[in-house]
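A.B. asks: This is a predicted model, with the sequence first.
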Amino acid sequence: MNMGHEMNTALYNALKQLREDIPRLADILKLGVEAQISYWNDIVDAKLLSRLAPDFPVVAAICGGGSAGKSTLFNSLAGAPISPTGGRAGINRRVLFSIPTGRAGQTEFLVDLARPFQDVPEPLEDIEELTRPGKPLYVAHQSALNNMVIADTPDFDTGAQGAYTNREVTRMALEASDILIYIFTNSNYNNRDNTDFIAQMLTGIGKRKCLLVYRVYPSYTEQEVLEHARTVAEGIYGKLAGQYLLGVYRTDEDNAVAAGDRLMAIRPVDSADPEFLQTLQSINAPAIRLELFSSILKDAVQQAEDIRNRSQVALEELRLYLDAFQIAQSQAVREALKNFPINRLMRRFARVWAATDPTHVKIMRRTGSVIELPLKMLLGAAGWAKDQMSPEKSGSPAANEYTQKVDEDLVTAVTGIHSQTVSPQVAVNTAAKDPLARRMIDAVDFIRVRRNLAKGRNPRTESSGAGLTLSFVVDAHPVVQLEQERLRSRDFKSVLQSILAEKETILGISQDMEADLKKLADDFRRNMGLWRKISQTFWAFLNVLPATVAVTYVLSTGDPVGGVGIKVKLAGLFGAKDLYALFAIPFTTGLKKADRQQIEAMLQGILQTWLKDKSKIVQDLFEKNITGGIILCARRRIADADRVINNINDSLLICAQGDEKK
Ligand SMILES: Nc1nc2c(ncn2[C@@H]2O[C@H](COP(=O)(O)OP(=O)(O)OP(=O)(O)O)[C@@H](O)[C@H]2O)c(=O)[nH]1
Ligand SMILES: [Mg+2]
């Protein structure tokens, strides 16, 4: 019994948590299942939570035919002549609850108690009220009934013109009860109509267990009483009556009771059985309720699982959308940066490098003797190298050209990402070997299976280039709809303007980047173990490179740019994807393979430093002006949904355990 109680508490708490989490999850992920959720809420509130509270009193409904003695029994249990008795059959028209004194006026408790009536019981003020139909009423016990509610109900066999007046009230009273006290007399014990009616009611709402009370002549033997009681029990429960009988009791006809001089005396038919009150008080309400509500509980748990499952799909869709969207943004960032001011950058790096040169190199450089012969021939004189050391003049044709290119690139990129952001779907291409792409394929598969999607429906993937490239088309998630609308309602031109207004931050070389270049130079010098040996060629390269290439290089846009570890590929003016293309001239002039590798590594480093710095700037600009709301909203909801789903899984586990133990 104790065990049942503990389990009930755990189950109750788990259900209460589910009741909070399920609607919240549906809302976080905008599942669009409002009707299902509100139905589920109602069931859980009305049928389960209201009655599974561990401290909720046992509710016993006294039922029986007209003038069976229901009200007399009620008064005897409640301890006072509260309910009207006697006279004509069918005197009671409403349900009267006798509740623990401490519960009087507790609205929440009263609501839960009378849920099937969809009406809050009011205190009984005038006994006459009970003889007129209306909402249920209540009184506080005047007896010592411990944590128990007794309900007096109208009879269900009085009727006019073939219609029984009180059957619906009886049904609601039964539904509100945990157990049933069925009282009958010698004149109606074998009335099939009565027992059929109760049987039918219990089939609809769940079989309540029952105590039988036979109001009988004192002369009836135990044998006769038991026989009649079995007739009643089998009438209500059929052959399995034994499972539902909590006890059989008799109350002998007594004129003093009829006269109201005495309370009903109830005793077990079998004198070895516990007293009536003792049986009532020892009822294990949690266990009974768990059994009573097990099918409803099972149903509610199943629906909760269903909503959890749908949410997992919706969450995966949101993750997929966010992944695709962020790829789209990275590509737009790269688009904005595809013109690479290699000349400017190399000049700057050359100066950073020179500033950290050892003294003897500085001296040699001034004389031009640092540069190897073939290069010297190519370049003409050391004077050229000196020229390279002076900063690029702003306003020069080269500087203007670069500024204009950045402008064009930005407009293209902003237009692209803006349209992806407000579009009903996001479409991106990505390298199939990208780990992110693999994760996305898994997500697409999961969603397709769970949603049983036909081919061609989003999300979808297509591969091309012998499967090297994948394209994803993913519907915008309902979660970001509001953010999309917000952006749609803004004028695109003004969005573009506010981004272009900050393009200076893209053109310049920031202090952060300067520091990064310095660090790169230091690292490189440190790693150049054979510094003396290759220093000359290297130095020459630094000076030569800007002259040998055009103002800008166009970054190849084939691959998406990941957040970290950017792999740079250059599509040079020479049309090659290879970095060697950059060294076409030095290569022919005798650059050794080892030197080329050093140079390539360094150039990679410089490019990455630049890309890292600028990507961050452009991404921040995009997020501030276009994409930030959606990314933030999606991330938050993913985190929230993850947390709530974990909670729900914990609760569902407890519910499943409760079900097993039962
Ligand atoms: N002689 C005798 N009469 C009783 C006893 N118990 C109840 N009665 C009488 O039986 C009649 C019906 O009793 P109630 O308690 O009003 O019966 P009820 O089932 O509530 O009747 P309705 O509410 O009208 O359906 C009354 O006149 C009571 O006095 C008893 O133990 N002995
Ligand atoms: Mg009555």
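C.D. replies: Structure's in. What do you need? Ligands and ions are numbered 1, 2, ... in the order given.
A.B. asks: give me the low-pLDDT residue ranges for this structure?
C.D. replies: Counting by pLDDT under 70, the ranges of the chain that qualify are 1-5, 7, 159-163, 340, 342-343, 357-396, 398, 528-601, 658-662.
A.B. asks: hmm, 50 instead?
C.D. replies: Scanning the chain for pLDDT under 50 picks out the ranges 1-3, 369-390, 531-533, 546-589.
A.B. asks: Near ligand 2, which residues of it? Just list them.
C.D. replies: 70-71, 92 (C-beta under 5 Å from the ion). Bear in mind the C-beta positions are built from the backbone N, C-alpha and C, glycine included.
A.B. asks: Looking at the residues you listed, which is nearest Gly134?
C.D. replies: Minimum distance to Gly134 across those is 11.7 Å, recorded for Asn92 (C-beta to C-beta).
A.B. asks: How many residues are close by the closest one?
C.D. replies: Counted with other C-beta atoms under 10 Å, residues neighbouring Asn92 total 22.
A.B. asks: what's the answer for Glu125, then?
C.D. replies: 9.
A.B. asks: tell me the phi and psi of it?
C.D. replies: For Glu125, the backbone dihedrals (degrees, to the nearest 10) come out as phi -110, psi -40.
A.B. asks: mind checking how far the residue of the chain found nearest ligand 2 is from Ser282?
C.D. replies: At 3.1 Å from ligand 2, Ser71 is the closest residue in the chain, using C-beta to the ion. Computed with C-beta to C-beta, to the nearest Å, the distance linking Ser71 and Ser282 is 25 Å.
A.B. asks: now swap in Gln243 and tell me
C.D. replies: 18 Å.
A.B. asks: same thing with Thr85?
C.D. replies: Per C-beta to C-beta, Thr85 is found 28 Å from Ser282.
A.B. asks: okay, these two: which has more neighbours?
C.D. replies: Each of Thr85 and Ser282 has its neighbours counted (other C-beta under 10 Å); Thr85 has more, 20 against 11.
A.B. asks: and the more buried one, that one's in a helix?
C.D. replies: No. Looking at Thr85 with DSSP: H, G, I helix; E, B strand; the rest coil, it is coil, so not inside a helix.
A.B. asks: Quick check, it in contact with Ile91.
C.D. replies: Yes. Taking C-beta atoms under 8 Å as the definition, Thr85 is a contact partner of Ile91 at 7.4 Å.
A.B. asks: Mutual contacts of the two, please.
C.D. replies: Taking C-beta atoms under 8 Å, 6 or more residues apart in numbering as the contact rule, Thr85 and Ile91 both touch Ser71.
A.B. asks: what's the nearest residue to Gln17 if we skip its chain neighbours?
C.D. replies: Excluding the flanking residues, the one nearest Gln17 by C-beta to C-beta, 6 or more residues apart in numbering is Ser651, at 4.8 Å.
A.B. asks: re earlier: against which helices or strands is the helix or strand harbouring the residue of the chain closest to ligand 2 packed?
C.D. replies: If you go by DSSP states H and E, Ser71 is part of helix 70-78. Other helices and strands packing on helix 70-78, by 3 or more C-beta pairs under 8 Å, 6 or more residues apart in numbering; DSSP states H and E, are strand 58-63, strand 96-99, strand 148-152, strand 179-185.
A.B. asks: Need those strands in a markdown table (columns: distance to Ile127).
C.D. replies: Compiled in a markdown table, those are given as follows (distance: least, C-beta to C-beta, whole Å):
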| stretch | distance to Ile127 |
| --- | --- |
| strand 58-63 | 17 |
| strand 96-99 | 10 |
| strand 148-152 | 12 |
| strand 179-185 | 20 |
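A.B. asks: For these, could you give me CSV that also reports mean neighbour count?
C.D. replies: Converted to CSV, the helices and strands packed on helix 70-78 look like this (neighbours: other C-beta atoms under 10 Å):
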stretch, mean neighbour count
strand 58-63, 25
strand 96-99, 26
strand 148-152, 26
strand 179-185, 24
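A.B. asks: Among these, which comes closest to Ala324?
C.D. replies: Of all these, it is strand 58-63 that lies closest to Ala324, at 55.6 Å by C-beta to C-beta.
A.B. asks: what distance separates that closest one from the centre of its chain?
C.D. replies: In terms of C-alpha atoms, centre = their mean, to the nearest Å, the centre of strand 58-63 is found 41 Å from the chain centre.
A.B. asks: Quick check: Tyr214 is in a strand.
C.D. replies: Yes. Assessed with three-state DSSP, Tyr214 lies in a strand.
A.B. asks: wait, it sits on Arg250?
C.D. replies: Yes. Between Tyr214 and Arg250 there is a contact under C-beta under 8 Å: 4.8 Å.
A.B. asks: Residues that sit against both of the two, list them.
C.D. replies: Here Tyr214 and Arg250 have 225, 269 as joint contacts, going by C-beta under 8 Å, 6+ apart.
A.B. asks: is the spatially closest residue to Gly64 that is not a sequence neighbour in a bridge, and if so with what?
C.D. replies: Leaving aside its chain neighbours, Gly64 sits nearest to Ile183 (4.1 Å; criterion: C-beta to C-beta, 6+ apart). When assigned by DSSP bridges, Ile183 has beta-bridge partners Val213.
A.B. asks: Get me the contact residues on the stretch 51-200 of the chain for ligand 1.
C.D. replies: Contact residues, the stretch 51-200 of the chain versus ligand 1 (C-beta under 6 Å from any ligand atom): 64, 66-72, 85-86, 89-92, 155.
A.B. asks: can you list contacts of the helix holding Ser71?
C.D. replies: Helix 70-78 is contacted from outside by 62-64, 81-85, 91-92, 96, 98, 139, 141-143, 145, 150-153, 155, 181, 183, 213, 251, 257, 263-264, 266, using C-beta under 8 Å, 6+ apart.
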